[in-house]
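>>> one predicted model, sequence on top.
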Amino acid sequence: MRRVVITGTGMISPVGKTVRESWENVVAGVSGVGRMTLMNPEFFTSKIAGEVKNYNPADYFDRKLVKRVDRYTQFAMIASREAFRESGLEGHIHPERLGGIIGSGIGGIGTMEQEHKVALERGVHRINPFFCPMMISNISAGRVGIDLNAKGLNFATVTACATSGHAIAVAMDMIRMGRSDAILAGGSEAPITLTGVGGFCQLKALSTRNDDPERASRPFDRDRDGFVISEGGAVVVMEDLEFAMARGADILAEVVGAGMTCDAYHITAPAEGGEGSARAIKLAMEDAGIGPDQVDYINAHGTSTQLNDVNETEAIKTALGVENAKRVPVSSTKSVTGHMLGAAGAAEAIFTLLALKQGIIPPTATLVEPDERCDLDYVPGKARKADLVYALSNSLGFGGHNVTIALKKFTD
Amino acid sequence: MSLESRVKEIIIDKLGVKPEQVTMEAQFDTDLGADSIDQYELIMGFEDAFGLRIDEEEAAKLTTVGEVIQYLKKQGIEE
């Protein structure tokens, strides 16, 4: 079976417009969460968000494209360009052997709202002719294909907050099977809109710690009260190991396994004891051919909701056994990024990769007093140096979707 | 602002082209790079700006900047 490696990473997030900037802030525990500015938050219960700071689309795209590409797709394109640049693939791969698997939890909800308003106020014949191709949740994959001349397999995964975890897992399988030599895999989200935020508020899923935005996303903490909605994009370039070696690529990490399951339990609540997530973790370890004693770090889904953090803790204990679970550092970088939904899985895979590569475990920066049911080592407050070989990254989405990615530090 | 400048402004805005490209003879498709959806959006832009409806048959005939200006003048739009 072909081995799969990552050779490029790209990200635009509430904590930075590049991977480097985002990572530095994640390690330093600098929050990207603040009072919401993209929407008037007056009527929302949650008035805070992780917004991409000082974002000006004209810095990246010409005028025409800015108007025809939803914000969510812009983020995917920006992250893809950065990842592609870092990979050095340009000119070294036949376009038909370069794929794209880039999804979104929601898609172009901002465009949807805007054109719905036009339709109601001015009539359906005033709907922007670009509405459909701007709004659909697969268009980022298509746009990135055009932007980077990726003419191979191309589609989107759509599994809410597990979207880009699935993109990476599926891309790994596609490369293993020989369907593609390299794939841009990831996701993006731009959900800070009237119905995007309003909808999650109605689910009581969002933190209402409006007076302390930077400490509102506090995964595993006793006083956590929901997730913080965020936006961004994250993409990795994945490649067949031999293909990457042959062209002398700088290999960042190996993707050694993935596990995917469904809770088949409830549309939004995790299964009791994190049963579905536990199976995904086990499957990922099995696929990677490692035992629970070999896991050196877990980047948790860690959303800061009551249910997720307790059940994910249980899932880790079930999958690794209590002894190993208590030994392994587990952190949630959502403590500073907030929850980028469809971009979260790929963003966190990148943080996991950097943890392996640099030997730094990013902290759960905002954790002060752990919930008594959350009794693992969550790396509270400060980053930690450690020599890591294998790491896991969990992503869980509404619908009961669970995916775990296993990464390995790359050594020849 | 003259009718000509208003039309040019809409074209520049919708198609993201440079002002010097927007000559009277410029063809929307070959000279200004507009595909069929771009051209439909452009028509909607003229309709909004000048408060009229251009039916599809008429719209299909408007292939250059000059033709649009002529058409609008014929509809009684001057400035």
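Happy to help now that I have it. Residues are numbered from 1 along each chain as shown, chains lettered A, B, ... in the order given.
>>> backbone phi and psi for the residue of the stretch 201-350 of chain A at minimum distance from chain B, please?
Nearest to chain B in the stretch 201-350 of chain A, going by Cβ to the nearest Cβ, is A:G233, at a distance of 22.6 Å. The C-beta positions use only the backbone N, C-alpha and C, and glycine is treated the same way. Phi and psi for A:G233, reported as degrees, to the nearest 10, are phi -150, psi 150.
>>> pull the contacting residues for it.
Residues near A:G233 by Cβ atoms under 8 Å, 6 or more residues apart in numbering or on different chains: A:10-13, A:72, A:74-80, A:186-189, A:343.
>>> please repeat the previous calculation with a cut-off of 6 Å.
Counting by Cβ atoms under 6 Å, 6 or more residues apart in numbering or on different chains, A:G233 makes contact with A:I12, A:F75, A:A76, A:A79, A:S188, A:A343.
>>> roughly how far does it sit from A:D147?
For A:G233, the distance to A:D147 equals 13 Å [Cβ to Cβ, to the nearest Å].
>>> ok, now which ones touch the closest residue to A:N138 other than its chain neighbours?
Among residues not flanking A:N138 along the chain, A:A156 sits closest, at 3.9 Å (Cβ to Cβ, 6 or more residues apart in numbering or on different chains). Contact analysis of A:A156 by Cβ under 6 Å, 6+ apart lists A:G103, A:S137, A:N138, A:A141.
>>> before we move on, the earlier item: out of the contacts of A:G233, which touch chain B?
Among these, not one lies near chain B by Cβ under 6 Å from any Cβ of the partner chain.
>>> just to be sure, which of those are found in helices?
Counting by DSSP state H, the contacts of A:G233 place A:F75, A:A76, A:A79 in helices.
>>> right, and the last one touches A:V235 too?
Going back to what we said before, that points to A:A79. Yes. Judged on Cβ atoms under 6 Å, A:A79 makes contact with A:V235 at a distance of 4.1 Å.
>>> tell me which of the two has more neighbours.
A:V235 (39 against 35; other Cβ atoms under 10 Å in any protein chain shown).
>>> tell me the contacts of the closest residue to chain B within chain A?
Nearest residue of chain A to chain B: A:K64, at 3.1 Å (Cβ to the nearest Cβ). Going by Cβ under 6 Å, 6+ apart, A:K64 touches B:G16.
>>> pull up the per-residue confidence for it.
Predicted confidence (pLDDT) for A:K64: 87.
>>> gap between it and A:I281?
Counting by Cβ to Cβ, the gap from A:K64 to A:I281 is 45 Å.
>>> how near is the closest residue to A:D223 other than its chain neighbours to A:V379?
Taking Cβ to Cβ, 6+ apart, and ignoring the residues beside it in sequence, A:D223 has A:E369 as its nearest neighbour in space, at 6.9 Å. Distance, A:E369 to A:V379, using Cβ to Cβ: 15 Å.
>>> which one's more surrounded, these two?
Shown here are A:E369 and A:V379; by other Cβ under 10 Å, A:V379 has more neighbours (21 against 11).
>>> list the contacts for that one?
A:P329, A:S331, A:I361, A:P363, A:T364.
>>> on the pLDDT front, check the nearest residue to it once chain neighbours are set aside for me.
Once flanking residues are discounted, A:V379 sits nearest to A:S331: 4.2 Å by Cβ to Cβ, 6+ apart. Looking at A:S331, its pLDDT is 98.
>>> pull the number of nearby residues for A:S331.
31.
>>> now swap in the one 3 residues further on and tell me
By the criterion of other Cβ under 10 Å, A:K334 has 31 neighbours.
>>> same question for A:Y60.
17.
>>> tell me the buried residues in the helix or strand of chain A with the lowest mean pLDDT?
When each helix and strand of chain A is scored by mean pLDDT, DSSP states H and E, helix A:63-68 comes last, with a mean of 90. With burial defined by 16 or more other Cβ atoms under 10 Å in any protein chain shown, the residues of helix A:63-68 counted as buried are A:K64, A:L65, A:K67, A:R68.
>>> pull the most distant pair out of those residues.
The distance between the two most remote of the buried residues of helix A:63-68 (Cβ to Cβ) is 7.4 Å, for A:L65 and A:K67.
>>> ok, and the closest non-adjacent residue to the residue of chain B found nearest chain A?
Nearest residue of chain B to chain A (Cβ to the nearest Cβ) works out as B:G16 at 3.1 Å. Nearest non-adjacent residue to B:G16, counting by Cβ to Cβ, 6+ apart: A:K64, 3.1 Å away.
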